[in-house]
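Q: No letters, just coordinates:
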Ligand SMILES: [Fe+2]
């Protein structure tokens, strides 16, 4: 048997054992099992499996397992999510994203790219970033938005970069399907705290996919997908009408 199949046998055996224990512990009836299967069938038909994995924080737990080693000595990883586009435009300094009249609170975001263990600046790094607009929509959700709005790739030099943008809005994960119905039935909201997504890469270093959140956010303690990690929260300071995060 191949190593891959051995792994499959092991995890399927463990999963079935855990599911049996779950049914016994919670005295799950035939009727409840049937309804659970109907729910999963609906999720599959609606192509909602990624949303369900997010809502149960399975994607975040798998992210933690996958990047456990690197996360010990570096900015924690965070899930990529469904809104990444691989071919965002390369930006020229001074870096800014969004329409010239982009609605929202102006934000100056200052980032540092450091070697995890030593804390020394990484000489040159590629920073690929994307975010929602001020009301929580990504460009691909808003027919009126220009292509690649609030996205771009910039080069961080000597371990630093500065980006001018707007504060992204909080948004809800899709809630009109089976997953949203379940969240409602169990009294959970669908909001994600405000965040900016980053993919950072540099020759000689492991790439990092993460998100940065903002201190004081209303939804940060109850992120609907459980992805907001304490190590990823940045301050948001008002400096003469411009919000600065660094
Ligand atoms: Fe997002």
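A: Received it, and whenever you're ready, just let me know what you need. The model shown is predicted, which means the values in this text are computed figures rather than measured ones.
Q: Which strands and helices lie in contact with the lowest-mean-pLDDT helix or strand in the chain?
A: Taking mean pLDDT, DSSP states H and E as the measure, the helix or strand of the chain with the lowest value is strand 242-245, at a mean of 72. Using 3 or more C-beta pairs under 8 Å, 6 or more residues apart in numbering; DSSP states H and E, the elements in contact with strand 242-245 are strand 106-112, strand 237-239. In short, each C-beta sits where N, CA and C put it, glycine included.
Q: Helix or strand next in line after whichever strand or helix holds residue 15, which one?
A: For residue 15, the host element (DSSP states H and E) is helix 3-25. Going down the chain from helix 3-25, the next helix or strand is helix 30-45, by DSSP H and E.
Q: could you check the angle helix 30-45 makes with the helix holding residue 15?
A: Inter-element angle recorded for helix 3-25 and helix 30-45: 140 degrees (by axes from the mean of the first three to the mean of the last three C-alpha atoms, to 10 degrees).
Q: what's near enough to touch the residue positioned nearest the centre of the chain?
A: The residue lying closest to the centre of the chain (C-alpha atoms, centre = their mean) is residue 79, at 4.3 Å. With contact set as C-beta atoms under 8 Å, 6 or more residues apart in numbering, residue 79 has these partners: 54, 59, 60, 63, 209, 211, 225, 227.
Q: and it, what pLDDT?
A: pLDDT, residue 79: 97.
Q: that's a strand at it, yeah?
A: No. Using DSSP: H, G, I helix; E, B strand; the rest coil, the assignment for residue 79 is coil, not a strand.
Q: any idea how far it lies from residue 28?
A: For residue 79, the distance to residue 28 equals 30 Å [C-beta to C-beta, to the nearest Å].
Q: returning to what we had before: buried sites along the helix holding residue 15?
A: Within helix 3-25, no residue counts as buried by 16 or more other C-beta atoms under 10 Å.
Q: Next: stretch 194-211.
A: 194-202, 208-211.
Q: part of a helix, is residue 180?
A: Yes. Counting by three-state DSSP, residue 180 falls inside a helix.
Q: what residues are up against it?
A: 173, 174, 190.
Q: quick one: least confident of those residues?
A: Scanning these for pLDDT, the smallest score is found at residue 174, 91.
Q: Wait, a helix at that residue?
A: No. Using three-state DSSP, the assignment for residue 174 is coil, not a helix.
Q: and it, how far is that from residue 51?
A: Using C-beta to C-beta, residue 174 is found at 6 Å from residue 51.
Q: Among these two, which residue is more densely surrounded?
A: Neighbours around residue 174 and residue 51, counted as other C-beta atoms under 10 Å, are more numerous at residue 51. The numbers are 23 against 15.
Q: That one: what secondary structure?
A: Three-state call for residue 51 (three-state DSSP): helix.
Q: returning to that earlier point: what comes into contact with the least confident helix or strand of the chain?
A: Residues from elsewhere that reach strand 242-245, judged by C-beta under 8 Å, 6+ apart: 105-110, 167, 212, 214, 234-238.
Q: would JSON lines of those residues with distance to residue 153, neighbour count and pLDDT be doable?
A: Formatted as JSON lines, these follow (distance: C-beta to C-beta, whole Å; neighbours: other C-beta atoms under 10 Å; pLDDT from 0 to 100):
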{"residue": "105", "distance to residue 153": "24", "neighbour count": "15", "pLDDT": "94"}
{"residue": "106", "distance to residue 153": "21", "neighbour count": "15", "pLDDT": "95"}
{"residue": "107", "distance to residue 153": "18", "neighbour count": "21", "pLDDT": "95"}
{"residue": "108", "distance to residue 153": "19", "neighbour count": "16", "pLDDT": "96"}
{"residue": "109", "distance to residue 153": "15", "neighbour count": "24", "pLDDT": "96"}
{"residue": "110", "distance to residue 153": "17", "neighbour count": "12", "pLDDT": "95"}
{"residue": "167", "distance to residue 153": "21", "neighbour count": "18", "pLDDT": "96"}
{"residue": "212", "distance to residue 153": "16", "neighbour count": "20", "pLDDT": "97"}
{"residue": "214", "distance to residue 153": "22", "neighbour count": "22", "pLDDT": "96"}
{"residue": "234", "distance to residue 153": "20", "neighbour count": "17", "pLDDT": "94"}
{"residue": "235", "distance to residue 153": "25", "neighbour count": "11", "pLDDT": "92"}
{"residue": "236", "distance to residue 153": "24", "neighbour count": "19", "pLDDT": "91"}
{"residue": "237", "distance to residue 153": "26", "neighbour count": "12", "pLDDT": "86"}
{"residue": "238", "distance to residue 153": "29", "neighbour count": "9", "pLDDT": "78"}
